[in-house]
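>>> Fold the following.
(one chain, ligands or ions: 1)
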Amino acid sequence: MRIEEVELRLVRLPYRSPFKTSFAEEVEKHAVIVTIRSEGVEGYGEGVMDPFPHYREECIPGAMHLLRGAFAPELMSREVQHPSEVTARWVEWRGNPMAKSALELAVWDCYARQQGVPLRTLLGGVRTEIPVGASLGMNPIDTTVENVTRHVEQGYQRVKLKIEPGWDIDMLAAVRAVHPDIELTVDANSAYTLEMMSLLRQIDEFGLHYIEQPLHWDDMVDHAYLATQLKTELCLDETLTSPARVKAALDLKACTVVNVKVGRVGGLQAVREIHDMCVARNVPMWCGGMLETGIGRAHNIHLATMPGFVLPGDTASASRTYARDITEQQLEATNGIMPVPEGPGIGVTLDAAFLHSVTESVEVIRR
Ligand SMILES: [Mg+2]
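Purely as a prediction, here's the structure:
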């Protein structure tokens, strides 16, 4: 395929309600929506960087600089035979997986649309619907218990609670008092240290499926030690930024469950490599989320159809997050099951009028 244009669009989409984690409270989504145009066909990708580096180091201004000045011009400089080759062409620019993924996802979508097949087909997906869980931000205990109950009643197959020191034991005890047997996990987003071992041992007593990223956002060694001290499995998120980092974490036994986020690991080709590695080692995977718009959410749904994604992921109904999304198709789960959008590519199209109303800036880079 010959790519003629890359469009970089910054959008600001209000959340239905503020989303609080151990590191930030956010009221609106800042997303980079990437559109590529090739031989009359468009493909869409989404960058999950934040305006400031609260999650990993990447941020929107840095990503825009690289997309505009490096990745997009290189992508258009020569033909693409297959989307799986794209990110390998950018190895001279180190790191920045989210920026690379934003553009690579658009290439996959465009290629699948040109072939007339759903993206999941290109990825070897085996499902037409995926089991999903819900990730709940921090709220007062009463509200949290109500939220958990509501999501369980809606059929979500796993509930994940955001925790931090001081916002853990009492809240978990309250939830477990009402829901002793549900599939429950916690995500600390790096809020603990090994000095808090007694607290971590208390968290260990709540029958959680796994504890996600309790320690430093780039750590493997301390997590590997912590894993020897707890009976609950550890899952890594922030730390896993590439197939090589996943391999290192598994070799070190720093985690036994893998959260895959396509942006964090550098694109769909990286996801395929991680997927095959985890399947070969019998390591369960699930698809994480970054509160994506319908574009990123649709990509997540397609990648989670791959056979190694055996645990419910974070790709819940868009309406939980947004009153209105930028795609024409509403991505909604029923009874904890999210159908894969049908049609070529990721199966969703942009709602042009609404997209325009939430657009902050647009720039088009031409071949
Ligand atoms: Mg996480």
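
>>> CA atoms for contacts and neighbours, from now on please.
Noted.

>>> got the contact list for the closest residue in space to residue 55 that isn't next to it in sequence?
Nearest non-adjacent residue to residue 55, counting by C-alpha to C-alpha, 6 or more residues apart in numbering: residue 238, 7.2 Å away. By C-alpha atoms under 8 Å, 6 or more residues apart in numbering, residue 238 lies in contact with 55, 56, 189, 213, 217, 218, 264.

>>> Report the buried members of those residues.
Neighbour counting by 16 or more other C-alpha atoms under 10 Å classes 55, 56, 189, 213, 217, 264 among the contacts of residue 238 as buried.

>>> now, which of the residues you listed sits nearest residue 231?
Nearest to residue 231 among those is residue 213, at 15.3 Å by C-alpha to C-alpha.

>>> Just list whatever residues bridge to the residue lying closest to the closest one once chain neighbours are set aside.
For residue 213, ignoring the flanking residues on the chain, the nearest one in space by C-alpha to C-alpha, 6+ apart is residue 236 at 4.9 Å. Beta-bridge partners for residue 236, by DSSP bridges, are residue 258.

>>> Quick one: neighbours of residue 236, just the number.
Per other C-alpha atoms under 10 Å, the neighbour tally for residue 236 reads 29.

>>> give the contact list for it.
By C-alpha under 8 Å, 6+ apart, the contact list for residue 236 reads 212, 213, 254, 255, 257, 258, 259.

>>> Kindly recompute the last result at 7 Å.
By C-alpha atoms under 7 Å, 6 or more residues apart in numbering, the contact list for residue 236 reads 212, 213, 255, 258, 259.

>>> The residue nearest to residue 55 belongs to a strand, doesn't it?
No: using DSSP: H, G, I helix; E, B strand; the rest coil, the assignment for residue 238 is coil, not a strand.

>>> picking that back up, which of the contacts of residue 238 sits closest to residue 182?
Out of those, the member with the shortest distance to residue 182 (by C-alpha to C-alpha) is residue 213, at 20.8 Å.

>>> tell me the contacts of that closest one?
Contact analysis of residue 213 by C-alpha under 7 Å, 6+ apart lists 187, 188, 189, 190, 235, 236, 237, 238.

>>> what's the distance between it and residue 360?
In this view, residue 213 and residue 360 are 33 Å apart by C-alpha to C-alpha, to the nearest Å.

>>> Repeat that for residue 320.
Counting by C-alpha to C-alpha - residue 320 and residue 360 are separated by 23 Å.

>>> How about residue 121?
Remark: distance between residue 121 and residue 360 (C-alpha to C-alpha) = 34 Å.

>>> same question, residue 194
For residue 194 relative to residue 360 (C-alpha to C-alpha), the value is 42 Å.

>>> and what of residue 112?
Going from residue 112 to residue 360 by C-alpha to C-alpha gives 29 Å.

>>> Residue 280 now?
Distance of residue 280 to residue 360, given as C-alpha to C-alpha: 44 Å.

>>> next one: residue 80
30 Å.

>>> Tell me which of the two has more neighbours.
Taking other C-alpha under 10 Å, residue 80 and residue 360 do not tie; residue 80 has more neighbours (16 against 12).

>>> And what about that one, helix, strand or coil?
Secondary structure of residue 80, reduced to three states by three-state DSSP: coil.

>>> Backbone dihedrals for it, both of them.
phi -110, psi 120 (degrees, to the nearest 10).

>>> In terms of pLDDT, where does it sit?
Looking at residue 80, its pLDDT is 98.

>>> Setting the sequence-adjacent residues aside, check what's closest to it.
Computed as C-alpha to C-alpha, 6+ apart, the closest residue to residue 80 that is not its neighbour in sequence is residue 1, at 5.1 Å.

>>> just residue 237 next, same as before
residue 259 (5.3 Å).

>>> ranges for the strands of the stretch 201-350 of the chain?
When assigned using DSSP state E, counting those that start in this stretch, the strands of the stretch 201-350 of the chain occupy the ranges 210-212, 233-236, 257-260, 285-287, 337-339.

>>> Please point out which parts of the helix or strand following the last one sit buried.
I take that to be strand 337-339. Next helix or strand after strand 337-339 toward the C-terminus (DSSP states H and E): helix 352-357. For helix 352-357, the neighbour count (16+ other C-alpha under 10 Å) marks residue 355 as buried.

>>> which regions of the chain sit below the pLDDT cut-off?
Applying pLDDT under 70 to the chain picks out no residues at all.

>>> mind redoing it with 90?
Applying pLDDT under 90 to the chain flags the ranges 17-26, 134-139, 157, 316, 320.

>>> Need the contact partners of whichever strand in it runs longest.
Taking DSSP state E as the criterion, the chain has its longest strand at strand 5-20. For strand 5-20, contacts defined as C-alpha under 7 Å, 6+ apart pick out 25-37, 72, 137-138, 321-323, 358-367.

>>> Just the ones of those in strands?
Using DSSP E, these in strands are 25-37, 359-366.

>>> which of those residues are buried?
Buried among these (16+ other C-alpha under 10 Å): 28, 29, 30, 31, 32, 33, 34, 35, 36, 37, 359, 365.
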